[in-house]
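Q: Fold the following.
(2 chains)
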Amino acid sequence: MPGRSVSLLLIGGLRGQRPSLRLPLAASTVAAGFPSPADDYIDVGIDLNEALIRHPSSTFFLRVSGDSMIDAGIQHGDLLVVDRSLEPRPGLIVVAVLDGAFTLKRLVRCHGRLRLEAANSAYPPLELHQCGDVQIWGVAIHVIHALTRHG
Amino acid sequence: MADVLALIDANNFYAACEQAFDPALIGRPVVVLSNNDGCVVSRSSEARQLGIGMGKPYFQIAAQLAQHGVVVRSSNYALYGDMSQRLMSSLEPFVAELEVYSIDEAFARLPRPRHGDLSAWAGELRSRIRHNLGLPIAIGLASSKVLAKLANRIAKGDRRHAGVFDLGREANPDPWLELTPVEEIWGVGRQLGRWCRLRGIANARQLRDMASGELRAKAGVVGLRLQLELQGVSCLPLEHGPSAKRETCVSRSFSRPITDAGELRQAMATYVVRAAEKLRRQQQCSGRLTVFARTSPFSPGFYSQAAGTTLPVASNDTAVLLQAALPLVTRIYRPHKRFAKAGVLLQDLQSQEQLQHHLLAPLPEAEQQRRAALMQRIDGLNRRYGQGTVQWAACGLTPGWMMRREQLSRASTTRLADLPTAWAR
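A: Predicted coordinates:
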């Protein structure tokens, strides 16, 4: 089940002490004699946590439910990587706290006003100045979509 | 300029963690209960304002909580532990040195700027932690650890300080020290507190100014150090890194009394399994194992017993530790006793590496490595898929004595199956 192991790797490695899958970029098979000239260039491997997450202590994972962000490439059941330390700026996809729930929208500036838009024409935009107390909880930085059933 | 010591801690840490991952709780009163849903150990500021007391037994106030619509949660240590790590690593870049003191507080050292004013630094730190983790923190600043702790208490005690109090900037610290009851000073235990009161010493200022000979006679060097710290002379250094643990203990109260020997064995086996896991995480082995059990000290016929054994070779193999522990349970068990709590204590801890080539090793090296690999696999599975995914048969399958955590929230930050939902609707 290759898909499954990949998604577990992403969750697990955040705190550094969990096992993370290291894929060697190069490996020398020379057992004796001359050292391989490539030995100096061997990298430790690729750690997706390191590659995808700049601020581990403020980065969290959420599970997407619903289809309102489908045109932004975010589908039902996807894994969302959210960095709370980033400033929400227009154009970014954000997790907002609306009516006591985490809600995924794109923050947009329209005619000088901020609003939250879905990425699906079936859902109307929300004007921020009309909906009282909205808190932006974090900024979505990656979405991980499984391509196999086991993902 | 001289360095400043800070005590930084999260306000209502457990309740704040609950609110950070359940947006439905924002602005609502929340309380978190201790083990076995016993009593209130953390209250959100909304719950505090309702006048819900700290440490109140849950069963006494359950009706009152329901009436006020207070959200009640069991302690979710997976969540709090993860958030604690995030908090501490977020503090690190802001200070020169950090000592993690408990799950939600840390001492820190930082240089005082030329102009002396740290309020901009403190404000930035507070808003950063609030923004990035959703946690409110309080900061006490002073020239010693004891005073920093005292300043932190002042910072939290009065809204006007906005969570920050810098005792080092006060021309006269005396009124602030007078505000602090002697028992509330960090390092003053119940006994020393009572002794002070008997001598008419009621607050921190009085303790600072009392004759040091008298204090020395009572509390020795520790007392003198405390007094110096109160005078602003730093004598307690920041402690670095967790010093290698000398012993590890796992013990819990049962959700209901246990009278059956089999059940006591199962409970003990469960604690041994947890303790062995802890050892392996610390890369240590234990040379001595003690099991203990007691009945409730509040009911008649109090009974408490312990039994220990020394292992031929120190180990962190669950099977080896179980083999040593289970026969001991028979020795401490007494029929008709209603056991309320039990635990296991692992002592004589030694680092795993030192032991690898032991002459007396009971197993050949290849076999040892296989056992170690097996333990690693089990730990890995339990970490990934949740405690108890791979279970030892000795622990039993459906323990009725398990700690009660009826209102447990999800492990929102540490388990894939428990992630919060981002609604796209």
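
Q: CA atoms for contacts and neighbours, from now on please.
A: OK.

Q: Hmm, A:Ala146 is touching A:Gln75, no?
A: No: in terms of Cα atoms under 8 Å, A:Ala146 does not count as a neighbour of A:Gln75; the distance is 10.0 Å.

Q: And these two? Which one has more around it.
A: It is A:Gln75, of A:Ala146 and A:Gln75, that has more neighbours when counted by other Cα atoms under 10 Å in any protein chain shown, with 21 against 16.

Q: Ramachandran angles for the closest residue to the more buried one other than its chain neighbours?
A: For A:Gln75, ignoring the flanking residues on the chain, the nearest one in space by Cα to Cα, 6 or more residues apart in numbering or on different chains is A:Asp67 at 5.9 Å. A:Asp67 has phi and psi values of phi -120, psi 20 when expressed as degrees, to the nearest 10.

Q: B:Cys39 now?
A: With angles defined as degrees, to the nearest 10, B:Cys39 shows backbone torsions of phi -140, psi 170.

Q: count of neighbours near residue 128?
A: Answering for chain A, as no chain was given. Other residues near A:Leu128 come to 15 when the count uses other Cα under 10 Å.

Q: meant chain B, my bad for not saying
A: Neighbour tally, B:Arg128, other Cα under 10 Å: 18.

Q: Would you mind putting the CA coordinates of the host helix or strand of it into CSV?
A: With the criterion set as DSSP states H and E, the secondary-structure element containing B:Arg128 is helix B:119-133. Extracted in CSV, the C-alpha atoms of helix B:119-133 (Å, rounded to 0.1, in the frame of the first residue of the first chain):
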residue,chain,number,x,y,z
SER,B,119,7.8,45.8,26.9
ALA,B,120,8.1,45.8,23.1
TRP,B,121,9.8,42.4,23.3
ALA,B,122,7.2,41.0,25.6
GLY,B,123,4.3,42.4,23.5
GLU,B,124,5.7,40.9,20.4
LEU,B,125,6.3,37.5,22.0
ARG,B,126,2.8,37.5,23.4
SER,B,127,1.1,38.4,20.2
ARG,B,128,3.2,35.9,18.2
ILE,B,129,2.3,33.0,20.5
ARG,B,130,-1.3,34.0,20.5
HIS,B,131,-1.4,34.2,16.7
ASN,B,132,0.6,31.1,15.9
LEU,B,133,-0.7,28.7,18.5
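
Q: What is the subsequent helix or strand relative to that helix?
A: Immediately after helix B:119-133, counting by DSSP H and E, sits strand B:137-142.

Q: Provide the angle between the direction of that following strand and the direction of helix B:119-133.
A: Taking axes from the mean of the first three to the mean of the last three Cα atoms, to 10 degrees, one finds strand B:137-142 and helix B:119-133 inclined to each other by 150 degrees.

Q: Pairing partners for strand B:137-142, with directions?
A: Under the criterion DSSP bridges, strand B:137-142 sits next to strand B:3-10 (antiparallel), strand B:164-166 (parallel) in its sheet.

Q: Highest mean neighbour count out of those strands?
A: Using mean count of other Cα atoms under 10 Å in any protein chain shown, the stretch among the strands paired with strand B:137-142 with the largest mean neighbour count is strand B:164-166, at a mean of 26.

Q: Toward the C-terminus, what is the element adjacent to that one?
A: helix B:174-178.
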